[in-house]
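K.L.:
pasting the sequence and the predicted model now:
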Amino acid sequence: MNKGVSTKRKAYIGTMRFLMLASALLTVALVVFLIVYVMYKGIPNITWELLSTRPSYLAGTIGILPDILNTVYIIIATLVFVLPLGVGAAIYLTEYASNKKLVAVIEYATETLSGIPSIIYGLVGMIFFCQFLQMETSLLAGSLTLVIMNLPTIMRTTQESLKTVPQSYREGAFGLGAGKWRVIRTVVLPGCVDGIITGCILTVGRIVGETAALLYTAGFAHALYGFFEGLENAGATLTVALYVYAKEQGEFEVAFAIAAILMALTLIINIAAKLVGVYFKRRR
Amino acid sequence: MKNRKRLFENIVHGIFLVLGLVTVGCVLLITVYLVISGIPAIREIGLVEFLFGDTWASTADPPQFGILPFILTSIYGTSGAILIGVPIGFMTSVYLAKVAPPKLKSTVSAAVSLLAGIPSVVYGLVGMLVLVPGIREVFDVPDGSSLLAAIIVLAIMILPSIINVSVTALEAVPKEYEDASLALGATPIETYFRVSVPAAKSGIAAAVVLGVGRAIGEAMAVVMVSGNVANMPSLFQSVRFLTTAVSSEMSYAGAGLRRQALFSIALVLFFFIMLINAALNFFLKRSKEG
């Protein structure tokens, strides 16, 4: 293939090929190292006792059950709020909005939101939800902060799948005499289920990995509560617990156990997102 | 009957309009809150003294509120991460978009999206226990918690953003461009680097800007490996970024000037982010127009 190519060009091609391969290899090696290292250090420390108890200062033991529950509570609470908001906003943008300027403004705002770092969300969440609205440091304040953070994700995925609903479906329904709301409810919404599900998975992934926005809005207590009681009280999620155990208390064994759990969750979420994509593509 | 139906449709329209405006409201809320609570301290300390004062001693008497160390650390740290992360990410994305066989491509892509999903505290933890001791031994410094450690962690963390956006841009290059170059006798690799890459340059620029945004906004991983002392930036010294200054001041912000100064730091960080967002939008728009 490279016949008649000068030595200088051959050297260029060889160097570029080497650099590309080396970079790709380095990227993959980094991922493999991170997974293997965290699992190797973490899995031996995952015990049933760790998973099923809460920390006890008297016995000097550490348990992460409250942190697991808090993570679940925050995920549920955030999704409950963010789904209607995000899906509604996406429907407005693709089905209703006719004013181009308004659409541009909303889209610019959405992009801005997705660019704001989580520490700023944490700070604004702390002054707005915890102090101004007097929610104190609580899981509810934390999840409301996460709602703002994850709005752009849900909006984007829903919008993308709304665009794939053929225009003729809508026209057909209108032609049969259906009102706008009826068309949205019966034709448009069922068509964008895949986008909503993908959005949910991405949001769950982001919540599981979030720390900075939660540290000062949801706090870092480790008490055991039920769902509604839990929302009113402060509580650490898994990531926040990892941070506190590693940075403030030097409990690296527990930190690695949590890191291994988080790593496994990340893997599962990634695979789930991919499977959902494949499943819906096949159904189309 | 008809009127009632129309009224109902109008109400539904109104509800969706409100939902659509929620994001705009959130952006306004955040901006207004940060500006209102960030301005008083800057007024009291003085803009020049605040931005260019080189000592941060909020607990000293009299306290000093100069955030130049944080600003410079954030700039140096981000530049360092870009310097390391961009070449690796760029080369990987050319490989993925143009060279890699399909099976290998899907494996590497899966690895990259996994890298994006790993929580930042996990990066911080591994950095704390691998990178920090490593730097201490290799460079023979008393403490490995340093700007260098933060740069390396950030470089790894921005890789997925850079790779994903660049791959998308490279894949959107019209095949005719490449065919023309190949027909003129250029080899495939020459074509990718001398035709495809220049054609995708706006998209790649957007990828770099996105990486800058990610790096400058990261707090948790950085606070775990950088030592968090308000020094002027130096590669092997413990440093504090704008983000970590916000998070560490938040933990014991009482009342008074110190608390207000915290909001002012956040305002400065927000200003940087807004600049980066504007640049990102510019490049994305240009890359869409081709």
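P.N.:
Looks like it arrived, so ask away.
K.L.:
next, count neighbours for A:V5.
P.N.:
Neighbour count of A:V5, defined by other C-beta atoms under 10 Å in any protein chain shown: 15. (Each C-beta comes from the backbone N, C-alpha and C, glycine too.)
K.L.:
thinking it is in contact with B:A186, fair?
P.N.:
No: in this structure, A:V5 is not within contact of B:A186 by C-beta atoms under 8 Å, at 9.6 Å.
K.L.:
confidence score at whichever residue of the stretch 151-290 of chain B sits closest to chain A?
P.N.:
Nearest residue of the stretch 151-290 of chain B to chain A: B:G217, at 2.6 Å (C-beta to the nearest C-beta). For B:G217, the pLDDT comes out at 92.
K.L.:
does it touch A:Y121 like I think?
P.N.:
No: with contacts counted by C-beta under 8 Å, B:G217 stays clear of A:Y121, the gap being 10.2 Å.
K.L.:
what about these two, which has more around it?
P.N.:
With neighbours defined as other C-beta under 10 Å, B:G217 and A:Y121 compare such that B:G217 has more, 25 against 22.
K.L.:
got a list of what that one touches?
P.N.:
By C-beta atoms under 8 Å, 6 or more residues apart in numbering or on different chains, the contact list for B:G217 reads A:116-120, B:243, B:269, B:273.
K.L.:
any idea how far the lengthiest helix in chain B is from the middle of the chain?
P.N.:
Longest helix in chain B by number of residues (criterion: DSSP state H): helix B:2-45. Computed by C-alpha atoms, centre = their mean, to the nearest Å, the separation of helix B:2-45 from the middle of its chain amounts to 26 Å.
K.L.:
hmm, that helix touching chain A?
P.N.:
Yes: Helix B:2-45 lies within reach of chain A by C-beta under 8 Å from any C-beta of the partner chain, at B:5, B:8-9, B:12-13, B:15-17, B:19-24, B:26-27, B:29-30, B:33-34, B:37.
K.L.:
of those, grab the buried ones for PyMOL.
P.N.:
Command for PyMOL that selects the buried part of the residues of helix B:2-45 next to chain A, burial taken from 16 or more other C-beta atoms under 10 Å in any protein chain shown:
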select buried, chain B and resi 12+16+19+20+21+22+23+24+26+27+30+33+34+37
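K.L.:
how about stretch B:98-115 and chain A, any contact?
P.N.:
Yes: judged by C-beta under 8 Å from any C-beta, stretch B:98-115 comes into contact with chain A at B:99-100, B:107-108, B:110-115.
K.L.:
from those, which is closest to chain A?
P.N.:
B:A111 (4.2 Å).
K.L.:
skipping its backbone neighbours, what lies nearest that closest one in space?
P.N.:
A:V31 (4.2 Å; C-beta to C-beta, 6 or more residues apart in numbering or on different chains).
K.L.:
please apply the same query to A:L151.
P.N.:
According to C-beta to C-beta, 6+ apart, the nearest residue to A:L151 is A:G86 (5.2 Å).
K.L.:
contacting residues for that neighbour?
P.N.:
By C-beta under 8 Å, 6+ apart, the contact set of A:G86 is A:150-151, A:153-155, A:158, A:199.
K.L.:
contact partners for the one residue in the stretch 1-150 of chain A that gets nearest to chain B?
P.N.:
Proximity of the stretch 1-150 of chain A to chain B (C-beta to the nearest C-beta) peaks at A:P117, 2.6 Å away. A:P117 makes contacts with A:212, B:213, B:216-219, B:243, B:269, B:273, as judged by C-beta under 8 Å, 6+ apart.
K.L.:
ok, back up a step: which among the contacts of B:G217 gets closest to B:V122?
P.N.:
B:V122 lies nearest to A:S118 out of the contacts of B:G217, by C-beta to C-beta, at 15.1 Å.
K.L.:
state the helix or strand in which the closest residue to B:I118 other than its chain neighbours lies.
P.N.:
Closest residue to B:I118 apart from its sequence neighbours, by C-beta to C-beta, 6+ apart: A:T266 at 5.7 Å. Secondary structure from DSSP states H and E places A:T266 in helix A:252-283.
K.L.:
flag the shaky bits of the stretch 151-290 of chain B, pLDDT-wise.
P.N.:
Where the stretch 151-290 of chain B drops to pLDDT under 70, the residues are B:252-255, B:290.
K.L.:
just to check, the residue nearest to B:I118 is in contact with A:V208?
P.N.:
Yes: checked against C-beta under 8 Å, the pair A:T266 and A:V208 is within contact range at 7.3 Å.
K.L.:
find residues that contact each of those two.
P.N.:
Jointly contacting A:T266 and A:V208 under the rule C-beta under 8 Å, 6+ apart are B:P119.
K.L.:
flag the shaky bits of the stretch 151-284 of chain A, pLDDT-wise.
P.N.:
For the stretch 151-284 of chain A, residues meeting the criterion pLDDT under 70 lie at A:284.
K.L.:
what ranges do the helices span in it?
P.N.:
Assigned by DSSP state H, counting those that start in this stretch, the helices in the stretch 151-284 of chain A fall at A:167-175, A:180-183, A:189-191, A:193-209, A:212-215, A:227-232, A:238-243, A:252-283.
K.L.:
and those: which comes nearest A:S98?
P.N.:
helix A:180-183 (12.3 Å).
K.L.:
and that closest one, what's buried?
P.N.:
For helix A:180-183, by 16+ other C-beta under 10 Å, it's A:180-181, A:183.
K.L.:
let me have those residues in a markdown table, extended by distance to chain B.
P.N.:
Below are those laid out as a markdown table (distance: C-beta to the nearest C-beta, whole Å):
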| residue | distance to chain B |
| --- | --- |
| A:K180 | 5 |
| A:W181 | 4 |
| A:V183 | 11 |
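K.L.:
which one of those is nearest A:V72?
P.N.:
A:W181 (33.9 Å).
K.L.:
what about the residue nearest to B:V130 when sequence neighbours are not counted, how many neighbours?
P.N.:
The shortest distance from B:V130 to any non-neighbouring residue, by C-beta to C-beta, 6+ apart, is to A:Y37 (7.2 Å). When neighbours are counted by other C-beta under 10 Å, A:Y37 registers 17.
K.L.:
quick one, domains of the chain?
P.N.:
Because you didn't say which chain, this covers chain A. A:7-45, A:50-283 (automatic domain parsing).
K.L.:
oops, wrong one, chain B.
P.N.:
Recorded structural domains for chain B (assignment: automatic domain parsing) are B:2-52, B:68-289.
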